[in-house]
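>>> test case, fold it:
(chains A and B)
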Number of protein chains: 2
Amino acid sequence: MLRIAEIFGPTIQGEGAVIGQPTVFVRAGGCDYRCSWCDSLHAVDSEYRHTWAKMSAADVMTEVERLSGGIPLTVSLSGGNPAIQDFAELIALGRAKGYEFACETQGSVARSWFADLAPLILSPKPPSSGETVDWDAFDACIQASGQADVVMKIVVFDDTDYVWAKDVAARFPDLPLYLQPGNHTPPPPDAEDAQIDMDGIMRRYEWLIDKTLADQWYTVKILPQLHVLVWGNKRGV
Amino acid sequence: MLRIAEIFGPTIQGEGAVIGQPTVFVRAGGCDYRCSWCDSLHAVDSEYRHTWAKMSAADVMTEVERLSGGIPLTVSLSGGNPAIQDFAELIALGRAKGYEFACETQGSVARSWFADLAPLILSPKPPSSGETVDWDAFDACIQASGQADVVMKIVVFDDTDYVWAKDVAARFPDLPLYLQPGNHTPPPPDAEDAQIDMDGIMRRYEWLIDKTLADQWYTVKILPQLHVLVWGNKRGV
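Numbers count the residues shown, from 1 in each chain, chains lettered A, B, ... in the order given. Reported below is the predicted structural model:
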């Protein structure tokens, strides 16, 4: 059985390589990380475990089909860290019906089903998260992806994160990289629509654009979280 | 000689297929259209022709290299309609130095150099523009692009535009399509940083997302103009 914090959509993908794409999100419950600025604590903190549904892959797919009206689209596996659970069966069920699956994970656990994703989004966590990347595990994730598209996304809060992102980019020159400004006012896990510092978020985005371009780092894309700009910290959109 | 309204950057591409990508913009002066809601009238209205520089392709490339510090990036040919001029020499000069060229045009004039673009962005203008698309010319643009990537972007202001966009999508099912909410408060041509109705623009974006998803139209991407969200109507960013 899968532990599912929420299934919602269709909405647009707000971040990264497939930004703007109609998507149903399957948010897995549980995470091996605890990032200081996590914006999805309700799907991470085991204190909220009682709110996660135990669902079979078939149950999840039924809900995805209900939400999408049975018309195939992209399903994004998010979390928490979806890679600590086995989504192989869900992906097989969905792909047989024409659905595509994207997955975002920090790259701490490799799964054979990464090879069936379009795309696999690896989001190694920068120093401001308080977590430390296990690069052997990260390399294993890339290996597991086989011929699937793999992209990286790095959240940047400050200068230290930025320098770290440049080092990571140098380490993986073949992976497309998306830089994303962090939300320093993430919602608490028990709030459905928490206050947010939109001006500060926009200022950080502009700072990140200016810094990257002044640095003549032209091989990245710099994107905000569109869902935050449109809906703030509201959940389920 | 080329008629150039402005060359600026590096900044990020704010729209469409390569959103977020570091870019230097070469804005061509002159246009065969006069869209009712044009946001670049200073590069369209011949009243502003005296502000357009006459530059050789080599002059333009020198300025692009100065702005980018000689480090290759993507150059976006915009306008006005860049396709009413011949950018073949600029593209050849730039590509020889590792620069890539994107071009956005309404698809009214086909050029052989479309085949050298990455990507060609065809932006057929919807009914609210007051213009009428010549589909034979549009087809010729696709033909001219050869093996180059071609994408479509359609600005949507209202229900009529939306229905029209769906018809266009059905006509060109193989072209990736980006829907973009319009800015109903475009800058006048003589203003560097004009007032803008940001709330209204965000509401139109949300309306377009809601409408497209409720319609179960999942094969498009729905993206705002990021530069507008960050910088409003400010010119040169």
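
>>> can I get stretch A:31-40 in CSV, CA atoms only?
This file holds the C-alpha atoms of stretch A:31-40, laid out as CSV (Å, rounded to 0.1, in the frame of the first residue of the first chain):
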residue,chain,number,x,y,z
CYS,A,31,10.5,11.8,3.7
ASP,A,32,14.1,10.9,4.6
TYR,A,33,15.0,14.6,4.7
ARG,A,34,13.8,17.4,6.9
CYS,A,35,14.7,20.6,5.1
SER,A,36,14.7,23.7,7.2
TRP,A,37,12.5,25.5,4.8
CYS,A,38,10.3,22.6,3.7
ASP,A,39,7.0,23.9,2.1
SER,A,40,5.3,20.5,2.3
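
>>> residues contacting that stretch, please?
A:5, A:27, A:43-45, A:78-81, A:84, A:106, A:108-109, A:125, A:128-131, A:155, A:157, A:182-184, A:186-187, A:233 (Cβ atoms under 8 Å, 6 or more residues apart in numbering or on different chains). All C-beta spots, glycine's among them, are computed from the backbone N, C-alpha and C.

>>> that one: which residues count as buried?
A:31, A:32, A:33, A:35, A:38, A:39, A:40 (16 or more other Cβ atoms under 10 Å in any protein chain shown).

>>> so what's the third one scoring on pLDDT?
Read that as residue A:33. Here the pLDDT value assigned to residue A:33 is 97.

>>> hang on, the earlier thing: and which of the buried residues of stretch A:31-40 is nearest chain B?
Nearest to chain B out of the buried residues of stretch A:31-40 is residue A:39 (Cβ to the nearest Cβ; 19.4 Å).

>>> helix or strand for the closest one, which one?
Under the assignment given by DSSP states H and E, residue A:39 is not contained in any helix or strand.

>>> next up, phi/psi of the nearest residue in space to residue A:105 that is not next to it in sequence, please.
Excluding the flanking residues, the one nearest residue A:105 by Cβ to Cβ, 6 or more residues apart in numbering or on different chains is residue A:83, at 4.3 Å. Per-residue torsions, residue A:83: phi -70, psi -10 (degrees, to the nearest 10).

>>> what sits against residue A:83?
Counting by Cβ under 8 Å, 6+ apart, residue A:83 makes contact with A:103, A:105, A:108, A:109, A:110, A:111, A:114, A:141.

>>> residue A:67: which element?
Residue A:67 belongs to helix A:57-68 when assigned by DSSP H and E.

>>> next secondary structure element downstream of that helix?
strand A:74-78.

>>> the closest residue in space to residue A:23 that isn't next to it in sequence: neighbouring residues, count only.
Closest residue in space to residue A:23, ignoring its immediate chain neighbours: residue A:13 at 4.5 Å, by Cβ to Cβ, 6+ apart. Residues contacting residue A:13 under the criterion other Cβ atoms under 10 Å in any protein chain shown number 24.

>>> wait, what's in contact with residue A:13?
A:19, A:20, A:21, A:22, A:23, A:74, A:76, A:102.

>>> which of the contacts of stretch A:31-40 are close to chain B?
Taking Cβ under 8 Å from any Cβ of the partner chain as the test, chain B is in contact with none of those.

>>> sweet, I'm off.
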